[in-house]
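> Got a sequence here, can you build the structure:
(2 chains)
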Amino acid sequence: MIIKQKGTYDIYGVDAKKRQYIKNVLDTLSDKYGYGFIETPVFEATELFHRSVGDESDIVKKETYDFKDRGDRNISLRPEGTAGVVRWFVENKLYGNLTDPVKVFYCEKMYRYERPQSGRQREFTQWGFECFGSDFVESDAEVISLAYNAYKLLGLENVKVKINSLGDDESRDNYRKALVDYLKPYKDELCDDCKRRLETNPLRVLDCKIDGDNDILKNVPKIIDYLNEESKNRFDKLLELLDLLEIDYEIDSNIVRGLDYYNYTVFEIVLNDSLALGAGGRYNNLVESLGGESTPAVGFAMGLDRVVEILDNENIEIPIEDSIDVYILGESENERNTASILTQTLRLNSFSCEMDMMNKTFKNQFKAVDRMNAKYLILLKDDDIKENVITIKDNKTREEEKISIVDLVDYLDTHI
RNA sequence: GCGCCAUUGGUGAAGUGGUUAACACGCCGGAUUGUGGCUCCGGUAUGCAAGAGUUCGAUCCUCUUAUGACGCCCCA
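Below is the predicted model of the structure:
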């Protein structure tokens, strides 16, 4: 037996319907915010991800799906959405003559070669959006607003934005140095991973699960104090705007993104104060480092699968159509043929309609009616068919009546 | 890449080194000769993830592999 690959899953039935609903809500809201739907390829040149994430990071080397195609090109399955969108932006030279921001959203499968665990699969769906061209805090606020309100709209109540600023490159570098200087004397007291992080990616020490409660980290310098004037003003202005928009936020100096391309705003959206729902930030250098003209940008992304799961756990009701309009019963050949005709007719008149496909007995077709939760059932009888009438029965009231076949669509139009 | 636990019909699952692998749901058939949802009766795994080993004998013990759950690393 061939089974699905590690870290992948099939989505069907009720789960698929829930996803469709959620996607729909997100798509509609994105559209209202002026973000246009974009699809980019599942695979790209490996170099795109190397360059976007930084060649030194072992992320790309270890955690992307890499392969050589038949033309000996280095290809990777996309591990996230931003790089592909930026590549699109640069390739089409959309940075030229920007009068308004370019805003797009996507909802697509991503691939990471990781050991599956809670909330992490090798294939997963990410919903995200990017705004190019504005370096003003209104665009940061818009992105945060869209992300924040998307969760609200889906029914999550206790949603909060955890926000921080990394400042510009200069501020960020200064802080990094200060952080390392502060931590170095305590190096022996840190966990083994943090000893290594101190060399490779010191900002990540702030995220450490083991040292998180360590007193050393309680007094760690805060990046806010290392922002230069411009960065600080910008951050204050953004927070002001979030107040005006009545977005619930909290400054969290431990929010740092793992990658170098972020600057200024970084944020996460959390549920019940801790459960991460999605994350985003500003990345003013990425367009340029991927070969375009320097263009400011800000974006957000979240794991769709995770959100579906959380909505489930929070017992948030998702409206799902779990009934059909009509089930048509018939047993003789003539009855079944008539059932086929009527089923097609009703479907083409936008009613959902089913009939037996399993050569079931009349009695078992009734059971199918209940399984499918049909609103109406039509009982076909050879004698009736001769006279062009059918028996239609309301499944709730159990009342049935005979109507002329030609009146069927009108009858359902007025009753459903 | 590392660690820990798990894997028994369509589903939820019990169970034991030794003949027919509980029970429940579902499904199928019958009581009901073409009007269902209730009830009752019957049928539903030559099979316990795959392979190898120990044993007179393995679903049960050992090893390997695969997959799943959860951690770690990493987190775009």
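> C-alpha only now, for contacts and for neighbours.
Fine.
> can I see the domain layout of chain A?
A:13-168+A:228-313, A:324-415 (automatic domain parsing).
> Which stretch among those is buried most, on average?
The highest mean neighbour count among the domains of chain A, using mean count of other CA atoms under 10 Å, belongs to domain A:13-168+A:228-313: a mean of 18.
> just how off-centre is it within its chain?
10 Å (CA atoms, centre = their mean, to the nearest Å).
> what does stretch A:357-367 give?
For stretch A:357-367, the distance to the chain centre is 41 Å (CA atoms, centre = their mean).
> What's the end-to-end length of that stretch?
Terminal residues of stretch A:357-367 lie 14 Å apart, using CA to CA, to the nearest Å.
> can you list the residues that contact that stretch?
With CA atoms under 8 Å, 6 or more residues apart in numbering as the test, stretch A:357-367 has contacts from A:329-331, A:356.
> if you set the cut-off to 10 Å instead, what comes out?
A:327-332, A:336, A:340, A:355-356, A:368, A:371-373, A:377, A:379 (CA atoms under 10 Å, 6 or more residues apart in numbering).
> And for stretch A:330-344?
Contacts for stretch A:330-344 (CA under 10 Å, 6+ apart): A:326-329, A:345, A:348-357, A:359-363, A:365, A:378-385, A:405, A:408-409.
> So A:Q126 versus RNA strand B, what's the distance?
10 Å (CA to the nearest atom of the strand, to the nearest Å).
> what's the closest non-adjacent residue to that residue?
A:G303 (4.6 Å; CA to CA, 6 or more residues apart in numbering).
> got a list of what the one you found touches?
A:107-110, A:119-120, A:124-128, A:277-279.
> where does chain A dip in pLDDT?
A:54-61, A:213, A:258 (pLDDT under 70).
> one more time with 80, if that's ok
Low-confidence segments of chain A (pLDDT under 80): A:1, A:53-62, A:97, A:209-215, A:257-260.
> Which strands and helices lie in contact with the top helix by length along it?
With secondary structure taken from DSSP state H, chain A has its longest helix at helix A:13-32. Packed against helix A:13-32, as judged by 3 or more CA pairs under 10 Å, 6 or more residues apart in numbering; DSSP states H and E, are the following elements: strand A:36-37, strand A:102-111, strand A:123-132, helix A:137-154, helix A:304-313.
> Just the residues contacting it, thanks.
With CA under 10 Å, 6+ apart as the test, helix A:13-32 has contacts from A:10-12, A:33-37, A:103-107, A:127-129, A:146-147, A:149-151, A:153-154, A:304-305, A:307-309, A:311-312, A:317-322.
> Which stretches in the stretch 201-350 of chain A count as helices?
For the stretch 201-350 of chain A, the helices defined by DSSP state H, counting those that start in this stretch cover A:215-218, A:229-244, A:286-289, A:304-313, A:333-348.
> Figure out which of these is closest to RNA strand B.
helix A:333-348 (7.2 Å; CA to the nearest atom of the strand).
> Relative to RNA strand B, how far out is A:R70?
23 Å.
> same question but for A:M372, I mixed them up
Distance from A:M372 to RNA strand B, by CA to the nearest atom of the strand: 9 Å.
> May I have the residues that are in contact with the closest residue to that residue other than its chain neighbours?
Among residues not flanking A:M372 along the chain, A:S323 sits closest, at 6.0 Å (CA to CA, 6+ apart). For A:S323, the contacting residues are A:352-353, A:369-375, by CA under 10 Å, 6+ apart.
> and with 8 Å instead?
A:S323 neighbours (CA under 8 Å, 6+ apart): A:372-375.
> so of the contacts of stretch A:330-344, which ones are in strands?
Those of these mapping onto strands are A:326-329, A:353-355, A:378-379, per DSSP state E.
> can stretch A:141-156 be found next to RNA strand B?
No: using CA under 7 Å from any atom of the strand, stretch A:141-156 stays clear of RNA strand B, with a minimum separation of 14.7 Å.
> who are the neighbours in contact with the residue nearest to A:S231 when sequence neighbours are not counted?
Closest residue to A:S231 apart from its sequence neighbours, by CA to CA, 6+ apart: A:G167 at 5.0 Å. Neighbour list for A:G167: A:227-228, A:231-232, A:263-265 [criterion: CA under 8 Å, 6+ apart].
> Closest to RNA strand B out of these?
Distances from RNA strand B to those, taken by CA to the nearest atom of the strand, are shortest for A:N263, at 11.9 Å.
> okay but the closest one is in contact with A:D168, surely?
Yes: between A:N263 and A:D168 a contact is recorded at 5.6 Å, counting by CA atoms under 8 Å.
> Now tell me what touches stretch A:220-229 from outside.
A:164-168, A:171-172, A:174-175, A:178-179, A:182-183, A:232, A:253.
> In it, which residues are buried?
A:221, A:223-224, A:226-227 (16 or more other CA atoms under 10 Å).
> Please export the C-alpha coordinates of stretch A:290-303 as CSV.
Taking C-alpha atoms only, stretch A:290-303 is exported to CSV below (Å, rounded to 0.1, in the frame of the first residue of the first chain):
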residue,chain,number,x,y,z
LEU,A,290,16.8,40.5,-4.5
GLY,A,291,17.9,42.8,-7.2
GLY,A,292,15.2,45.5,-7.3
GLU,A,293,15.3,49.1,-6.6
SER,A,294,15.2,49.8,-2.9
THR,A,295,11.5,49.6,-1.9
PRO,A,296,10.0,49.6,1.6
ALA,A,297,7.7,46.7,2.3
VAL,A,298,5.7,45.2,5.2
GLY,A,299,3.8,41.9,5.4
PHE,A,300,2.2,39.2,7.5
ALA,A,301,1.7,35.5,7.3
MET,A,302,0.0,32.8,9.2
GLY,A,303,-0.5,29.0,9.1
